[in-house]
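1. Any chance you can model this:
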Amino acid sequence: MLTIKLTQSIKASRQSVMMVLLEHDKLHRFFDGQFEQTKPETSGQPFGGAGAIRRVSLHGQTFFEQIISATEQHICYRIIGQGPVSEHQGDIRLLKDGKHSQIEYSIRCKAPWWQPTWLVRAIIMRDIGNALKRLARFYDEC
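-> Have a look, this model is predicted:
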């Protein structure tokens, strides 16, 4: 099982970061790939929150992710069905850092049996690391 953790300081409130990260159809601003929300959130949840499903097209593969929970402190999602990795869960913790936020992004998953674990780790770290930097720049430019 792979566990990957990355952090990034963001010059924005936790609520603002949560709202931007739940705008599924606009995630391409930060992440390499295309995202399309295919199922809305469960009634009573924040826009794009728990229950929402998005189609992700990334690195030549298409798969689905479901939001398990979403609050100002934590967004949790997982790949459902077939994906590039198995047993995938992403956790985005949004911590208060003065007037700003600190993101702790962690992913747990299993690499395919035929793919070297070190390569899967490197790809995920590069993709998420770049996305977090783009997210920080987005708020720097606001």
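2. can you map out the helices along this protein?
-> Ranges of helices in the chain, per DSSP state H, are 14-21, 117-140.
3. tell me the contacts of residue 39?
-> 51-53 (Cβ atoms under 8 Å, 6 or more residues apart in numbering). Where C-beta positions appear, they are placed from N, C-alpha and C, glycine not excepted.
4. Among those, which ones are in strands?
-> residue 53 (DSSP state E).
5. and the contacts of residue 39 as CSV, adding neighbour count and pLDDT?
-> Formatted as CSV, these follow (neighbours: other Cβ atoms under 10 Å; pLDDT from 0 to 100):
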residue, neighbour count, pLDDT
51, 17, 98
52, 23, 98
53, 17, 98
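6. and the helices of the chain, which is most packed in?
-> For the helices of the chain, the stretch with the most neighbours on average is helix 14-21, a mean of 19; neighbours defined as mean count of other Cβ atoms under 10 Å.
7. Tell me what angle it forms with helix 117-140.
-> 120 degrees (axes from the mean of the first three to the mean of the last three Cα atoms, to 10 degrees).
8. rewinding a little: of the contacts of residue 39, which is the nearest to residue 96?
-> Taking Cβ to Cβ as the measure, residue 96 sits nearest to residue 52 out of the contacts of residue 39, at 24.7 Å.
9. about what we covered before: could you point out which of the helices of the chain sits nearest residue 81?
-> Per Cβ to Cβ, nearest to residue 81 of those: helix 117-140, 18.5 Å.
10. quick one on the thing from earlier: out of the contacts of residue 39, which is nearest to residue 134?
-> The nearest one, if we look at these relative to residue 134 and count by Cβ to Cβ, is residue 52, at 21.6 Å.
11. thought the closest one was touching residue 41?
-> Yes - the pair formed by residue 52 and residue 41 meets the contact definition of Cβ atoms under 8 Å, at 4.4 Å.
12. which neighbours do these two share?
-> residue 67.
13. gap between the residue lying farthest from the centre of the chain and residue 106?
-> Within the chain, the residue lying farthest from the chain centre (Cα atoms, centre = their mean) is residue 114, at 24.8 Å. Residue 114 sits 25 Å away from residue 106, taking Cβ to Cβ, to the nearest Å as the criterion.
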